[in-house]
Every structure is written in C-alpha cells, then in structure tokens.
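1. Quick one, what's the 3D model for this:
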Amino acid sequence: MQKYKNKIIVNNLFHLLINKYDKDECQNFNLPQNLTDHINLWKDKGGHFAISCEKITEYYEKFKKFENHIKDILPKIGKNSNDVFNQRYALSWFAVKDELEQLASKNYISYTTFVEICDKHSVSTQSNKENEKSEAQTWLEVLHRIGSVIYFGKDEKLKDFIITNPDWIRDAFARVIEHKGMQEHHGKLSPSFQEEIWKKHTEGLSEQEAQEIRKKFVDLMLAYEFCYEQGETTKSIIVPSCLSSTKPTYPAELEIYDFEVKFLYATFIPAGIASRLMVKNCKNLASDDAGNHLKWKNGFVMKYDNASAEIIEDWKEKSIFIKIQAKQATKIFDFLKKQIQEFTKEYTNIKMISGLNFTIQFKHNNKWFESVEIEMYSLREFFKNILDSTIPIKKEDVNIEQFKESLREKIKANQQNAVVYILEEINKKLEIEQYDRAKWIAIDNEITAGNFNVGLLEMTKNLINSIQAQKKCYKIL
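-> Numbers count the residues shown, from 1 in each chain. Next comes the predicted model:
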C-alpha cells in the first residue's frame, strides 16, 4: 500500500484503487512513473477503481464493481499452485490467528506463548511423523506468508521471536533508511545510532530489554538481507540502501572490462536487487588502494574466481548492468545470473505476480544484443570479414570462390558443425596455430542449440589474435 496525501493507492502489478475520488485534488494528480508504467502495461489484465468512502451512496455502483472484481480475482491467486491462498484450513486455526491479532499491541511474543495459544484452541503442536511439521508450525508459516506475523523459525537467533505487529518492524526498518546520519557514516549502523533510531521502539523497557530488542532488530535485518556484517573481530553492520549515491574512484586495474552484460526486465526491476546482491556477496567485495570497499547505493564491485565484476542497478532503465573483467568470465557470469534468477523468483512468489521476466543482453560494437543474437553476430561477422577479403592462393589450391560459396551456404543454413568446418578450412588455407577441435565442436553445438557461452566470445577473440599473430600477408581483417 502506498499513500499520497488524501488518496490511497493499493497496488500490486495489476490493480489500482483510489479513495476520496470526490475530492478535486484526487482527480488530478500524477502517479509515480513506475506505477504509470505498470498500469499502462497491465491495464487489460487488472482493474482501476476510483471510490469515495465518505460518499458511499453516490459511489455505490463503483463499490460493487470493485467488490465483484475482488471476488473474481481471489480464486485466481495461487491457481494451479500449492500456495497458501489455494488451501483450506480448520476454523480452530483461524481462532489462533484472531488471538494473535489481539496481541498486536504487544508487538511480539515468544514461541512458547504461541504454543500455549495453539493448545488453547486445540491446534496440535506435536507432529505425528518424524521430520513432519506440526499443525502449529504449519499455521505459523502460513501466517508469516500472508503477512499476519513475522517469523524466521530456521534462524537460530530468531526462532523464539514472533512479531505480532509487522508494522512495528517496518517502521523500525524505515527509520534506519530515513536517518540522515547513516549516509554520512557510509551506511554503518553503529550502536549509538541504534539507540537513537529505535528509541521510540524501546520506550518503557529496561536497558537490558532495550538492548535485546535492538539486537533482534539487527538479526531481522540480517535475515531479510537488508544489511550485512563487516569485519572479523569487531563487526560493523552495513546497510547498502543507506550508502552514498556517489560512485567511488576505481583503482587503475579495474577501469577496463572485457564483457558488458545487462539483465533487462520487461515490466520493472524489483527495487533493491543491487543491495541484496551486495549483501549476498559481501565477503567478495573489491577494495581500492586504501582498502575501502568499492560500493555505493546502487552498485558495487566484487571479485570471484580470478574475475572482477561491476554490478549496477538502474531503475529507469529497468536493468541490472554488469561489467566483467576476466580471461574466462563464465563462472562469475553464471554465479551472478543464478542469484538474480533466485531473487526474481522469490519476489514474484511473495508479491504473487506474473510477467516479471528479463532478457539477458550483451554489448558488442557499442550495441546491445540478446544472447542468441550476439553468438551468431560475433562469429558470422568475423567469418563474413574473411569471406569478403582477398586471400592469396596458389594455383594448386581449390577454387576460392567455390570455397567461399560453400561457407556462405553453411553459415546461412546454420548447419550442424558449420563452425568446425569453417575453422578447419581456414586452418588449411592460413596455417594458423593448432586449435582444440573438441572445444570448437562443443561451441558449435551451443550455437546450434541457441545457448549462451561466455567463452565463445573469448575463443573467437583468441582465434582472431592467432591469425593476426602469424604476420601473414593476407588481407583478412
């Protein structure tokens, strides 16, 4: 839910509700650009409703339309899946939910208290089989999934801590982001800042109790991957979203990259992906000459498996931009690709949305190509240069025009092993350095299957270099 003065906008990817529409100021206001983009993209798949709770009679038909729309979409949530919204639960379980809601003013309870409430309403707290969850555990996970409570049962530090008032936690996190001193201190959430920021949340508590609550808040932030711990002996808490927006100065060796990749989202980019990637890879952050990590609000530089990568989130471009510096970029590319895929899947599951897809594009000759396009573009352009060049041959050699035509046909038809054939013929003509035929067969298979292989570009470049290194008098490139 997002609020704008006297109007309320409730939105996921498809639905928009504006309240107080009888007010002039609510009929003429500009939505944030990201919401406008969502509405335009999904206007035929969702709803746009303008109502006024103050004038129910006048807006009765619009209320009924909104009510019918909700009745229509609810059965579709989680359809064809095993999500919690598609399941049936016992009434006794809902009695537990009602009592937990009555405890929202307490903000949190212990797991022991939760078990007592379940026993009170005859919701089993014991599992019948080994490794099987009890009814109480299952219901607690459902309540966490729908946002009634917050519970991280798999976290050893949080397994006895159940938040009955999620707004209490959201406000605690928001105060961290809004605190002006956080950016001045490079996103470091020091103990003194914790006391200042969360003073309201610990009012009336003893110092020991207040310290425990602040510790739980930090543990929750770590569980949500909202921050990370930095340092070996003395640990500091770093909040990426509170870093400066200014990109730091790089060491000279990190100013040049070999590959440029972007993950372009079709609809919008889930906010905070760069921050979560930074948290996930905090142990691999690259540093400048003074030992300071190369990180800022929307990006960072990391090292992995003898490779370096710059990751930048760009909301306006709906993209994650990645530059890779490596002789062999496959491992770091696949590593980051898997993390981005996991984050995107998690986001779509939590928000219950579809259509949040991305394409992977690569930069070549200052132009962006989708993965399959650049595979064929890079190799075909290289071979086209060869075909369009004058290659001196001896009289006893085969007819060069016939040879060129054969290559053209194979490239055009994308024939199986065409790349291997071409390379072997080039090898015969130019006597280039020996190459690994098995590797080129594997690359050819990848091209035919339409799959991306970062090593493909590197091997193509190596081939060009090997030809140039022969210092032949052939006009090739």
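2. show me the contacts for Leu189.
-> Contacts of Leu189 were listed using CB atoms under 8 Å, 6 or more residues apart in numbering, and they are 176, 182, 197, 218, 227, 236-239, 242. Where C-beta positions appear, they are placed from N, C-alpha and C, glycine not excepted.
3. ok, now with 6 Å
-> The contact partners of Leu189, by CB atoms under 6 Å, 6 or more residues apart in numbering, come to 237, 239.
4. What helix or strand is Ser275 located in?
-> If you go by DSSP states H and E, Ser275 is part of helix 273-280.
5. Remind me what the helix or strand just after that helix packs against, helices and strands.
-> Using DSSP H and E, the helix or strand that follows helix 273-280 towards the C-terminus is strand 295-296. Under the contact criterion of 3 or more CB pairs under 6 Å, 6 or more residues apart in numbering; DSSP states H and E, strand 295-296 touches no helix or strand at all.
6. what sits up against whatever helix or strand Ile162 lives in?
-> Following DSSP H and E, one finds Ile162 within strand 161-163. Identification of contacts with strand 161-163 by CB under 6 Å, 6+ apart yields 108-109, 114, 149-151, 169, 216.
7. Among those residues, which pair sits farthest apart?
-> The span of the contacts of strand 161-163, defined through CB to CB, is set by Phe114 and Ile169 at 16.8 Å.
8. Pick out whichever of these two has more residues nearby.
-> Between Phe114 and Ile169, Phe114 has the larger neighbour count (other CB atoms under 10 Å), namely 26 against 19.
9. Identify the residue nearest that one in space, chain neighbours excluded?
-> Ile162 (5.6 Å; CB to CB, 6 or more residues apart in numbering).
10. and the gap between the one you found and Asn292?
-> As for Ile162, its distance to Asn292 is 39 Å (criterion: CB to CB, to the nearest Å).
11. Could you check which of these two is surrounded by more residues?
-> Set Ile162 next to Asn292 and count neighbours by other CB under 10 Å: Ile162 wins out with 23 against 12.
12. And the lowest mean pLDDT element among the helices and strands of this protein?
-> strand 7-9 (a mean of 33; mean pLDDT, DSSP states H and E).
13. returning to what we had before: report the buried members of the contacts of strand 161-163.
-> Buried members of these, scored by 16 or more other CB atoms under 10 Å, are 108-109, 114, 149-151, 169, 216.
14. I'd like those as TSV, with pLDDT appended.
-> Converted to TSV, the buried ones among the contacts of strand 161-163 look like this (pLDDT from 0 to 100):
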residue	pLDDT
Tyr108	96
Ile109	97
Phe114	97
Val149	96
Ile150	96
Tyr151	96
Ile169	95
Lys216	96
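15. Specify which member of the residues you listed is nearest to Glu313.
-> Checking these against Glu313 with CB to CB, the nearest one is Ile169 at 24.2 Å.
16. returning to what we had before: mind listing which of the contacts of strand 161-163 are in strands?
-> Among the contacts of strand 161-163, the members falling in strands (DSSP state E) are 108-109.
17. Of the contacts of strand 161-163, which is the nearest to Gly272?
-> Closest to Gly272, out of all of the contacts of strand 161-163 and judged by CB to CB, is Ile169, at 16.3 Å.
18. tally of neighbours for the nearest residue to Ser245 once chain neighbours are set aside?
-> Leaving aside its chain neighbours, Ser245 sits nearest to Lys297 (4.7 Å; criterion: CB to CB, 6+ apart). Number of residues near Lys297 (other CB under 10 Å) recorded here: 19.
19. What are the buried residues along the helix or strand hosting Glu141?
-> Assessed by DSSP H and E, Glu141 sits inside helix 135-146. Using 16+ other CB under 10 Å as the test for burial, helix 135-146 gives 135-140, 142-144.
20. Equivalent analysis for stretch 280-298, please.
-> Going by 16+ other CB under 10 Å, stretch 280-298 has these buried residues: 280-282, 284-286, 293-298.
21. who touches the helix holding Ser275?
-> Residues outside helix 273-280 that contact it (CB under 6 Å, 6+ apart): 225, 228, 240-241, 298-300, 311, 313, 339, 343.
22. which ones are touching Leu294?
-> Contacts for Leu294 (CB under 6 Å, 6+ apart) come out as 248, 286, 301.
23. Could you list everything the spatially closest residue to it that is not a sequence neighbour pairs with in the sheet?
-> Among residues not flanking Leu294 along the chain, Val301 sits closest, at 3.9 Å (CB to CB, 6+ apart). Beta-bridge partners recorded for Val301 (DSSP bridges): Glu310.
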